[in-house]
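[1] Dropping a prediction and its sequence here:
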Amino acid sequence: MKFTKKKLDSEIFTGSMADITFLLIIFFMLTMAFSSNRGMDFALPEDTTSAPEISQEESVDVLVLPGPVAGPPVIQVDGRSMPINQLLPYVADKLKQNPRKPVILRTDPGAVYGNMIAVFDELRQAETKVGIKIETISIPTQREIENIWTMLGIGP
Amino acid sequence: MIIARGRTLKTEARVFTGSMADIIFLLIIFFVITYKVEVDKTKMELPDTAVRVAIPESDKPAWISVASRSEGYLIRVSTGEEMSLPIGTDEELVTFASTEVARDPEKDFIIKADQEVPYERFDAVLDALKQSKVKNIYLLSDQKTVE
C-alpha cells in the first residue's frame, strides 16, 4: 500500500489586511489637517523695558477707529480722517522724504481686531502697491502708549 | 476521429489584486509622514489678508487663540505639542509665554483670533507677549479674495 504525503500549504491569511489598511487610510484622511497655516508675520522689538525711541513727530501716526468688520476700516492719519485707499500714497509721500520713517499703528480700544488687521495688511502691501517698502511698522500696546504720554506729560 | 464538441475553455474572471497592498502601504506612509495634529480646534472667523506667509512649523510654535463672542472671547494656549487649554487671566498668559521663552528664546508664537474680537483683548495678548520678550509672532489669517 502506497501512502501519499498530504502537502500542507504554509500561508499567512491576508484576507483581513485590506480591511485594516483601509481603516488606517480613512483614519489618517479624516484626522490630518491639509491646509498649512498661513498668516502675517510680525517681529517684536528686542527690548520693551525701555521706552521706545520713536516719537510721534518723526513718524506716520495711523489711528484705527471703530468701524464695520466687513467694510473698509475707518482711520485717522496724522490726526486727519482719511479713506483707506489714500493711506499708502500718503505714507509713500512721507517716506520719499525719509525712507526710514516708521509707521505707528495705533488702534482705538473700541475697535475690533479685524479693523487693525485690515490696516496692517494695507501697510504691508506698500511695496507692491506704491513701490516703497515700509521698514518699520510699530504696533504699540495701550500700556506703551500710556507710558509715552506719561513721559511727555500729556493726556490722551 | 472523434471530435469533442460542446467543450468550452473555462476562464476565471479575476481582478489582479497583487499590487493593492503596495498602493495601500504607499498611501499609509504618505499619510503618516504628512500627519499633523491640529493643536487648537477653536472654530472662528479669521480676518482676511492679502499678505500671508507660511508659518514655519518645524519648531512647533506656541499657539494663543482668542475665541469669538459666542465663547466669551476665551483665551486658549498651547505649547505646540499638546492640545490647547483655556486660561483665565492675563497674568497666566504672561507666565505661559515667559515659560516658553525661557525654554526656547527663539520660540515663535501664533495668534489665532476671531476678527470680531475687541481690540482690547488682542492688545492684552500682545502686551503679555511683549512683556515675555517674545521675538516673532504670526497673526493667523485667511486668504483675502479679490473683489
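    Cool, the structure landed. Numbers count the residues shown, from 1 in each chain, chains lettered A, B, ... in the order given.

[2] which regions of chain B lie under the pLDDT threshold?
    B:1-9, B:146-147 (pLDDT under 70).

[3] try 50 this time
    In the prediction, chain B carries no residues with pLDDT under 50.

[4] quick one: the strands in it?
    Here chain B has its strands, by DSSP state E, at B:48-49, B:53-54, B:62-66, B:75-78, B:85-87, B:108-113, B:136-140, B:142-143.

[5] can I get those strands in TSV with distance to residue A:22?
    Glycine gets a C-beta too; all of them are placed from N, C-alpha and C. Output for the strands of chain B, formatted as TSV (distance: least, CB to CB, whole Å):
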stretch	distance to residue A:22
strand B:48-49	38
strand B:53-54	32
strand B:62-66	33
strand B:75-78	32
strand B:85-87	34
strand B:108-113	34
strand B:136-140	34
strand B:142-143	33
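
[6] Would you reformat those as TSV and include distance to residue A:104 and mean neighbour count?
    Output for the strands of chain B, formatted as TSV (distance: least, CB to CB, whole Å; neighbours: other CB atoms under 10 Å in any protein chain shown):
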stretch	distance to residue A:104	mean neighbour count
strand B:48-49	20	20
strand B:53-54	22	12
strand B:62-66	23	25
strand B:75-78	26	22
strand B:85-87	30	14
strand B:108-113	20	23
strand B:136-140	18	22
strand B:142-143	26	12
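
[7] Residue A:20: which of the ones you listed is closest?
    strand B:75-78 (32.0 Å; CB to CB).

[8] Quick one: residues in contact with the closest one.
    By CB atoms under 8 Å, 6 or more residues apart in numbering or on different chains, the residues outside strand B:75-78 that reach it are B:39-40, B:42, B:62-67, B:84-87, B:93, B:96, B:121, B:125.

[9] quick one: residue A:69 from residue B:123, how far?
    Noted for residue A:69: a distance of 17 Å to residue B:123, by CB to CB, to the nearest Å.

[10] swap that for residue B:70, sorry
    21 Å.

[11] Who has more neighbours out of those two?
    Neighbours were counted for residue B:70 and for residue B:123 using other CB atoms under 10 Å in any protein chain shown; residue B:123 has more, 21 against 11.

[12] mind checking the SS state of residue A:62?
    Put simply, residue A:62 is strand when judged by DSSP: H, G, I helix; E, B strand; the rest coil.

[13] and chain A, which of the contacts of strand B:75-78 contact it?
    Restricting those to those adjacent to chain A (criterion: CB under 8 Å from any CB of the partner chain) gives B:66, B:121.

[14] the helices in chain A, which residues?
    A:17-31, A:87-97, A:113-124, A:126-129, A:142-152 (DSSP state H).

[15] With chain B instead?
    So, for chain B - with DSSP H - the helices run B:20-34, B:90-103, B:119-131.

[16] Can you list the buried residues in the longest one?
    Same thing as helix B:20-34. B:24, B:27-28, B:31 (16 or more other CB atoms under 10 Å in any protein chain shown).

[17] quick one: which of the residues you listed is nearest chain A?
    The closest of the buried residues of helix B:20-34 to chain A turns out to be residue B:31 (CB to the nearest CB; 3.3 Å).

[18] What are the neighbouring residues in contact with the closest one?
    So residue B:31 contacts A:24-25, A:28-29, A:32 (CB under 8 Å, 6+ apart).

[19] Buried members of those residues into ChimeraX, please.
    To isolate the buried ones among those in ChimeraX, judged by 16+ other CB under 10 Å, type:
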select /A:24,25,28
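
[20] So which of the helices of chain A is the most surrounded?
    helix A:113-124 (a mean of 23; mean count of other CB atoms under 10 Å in any protein chain shown).
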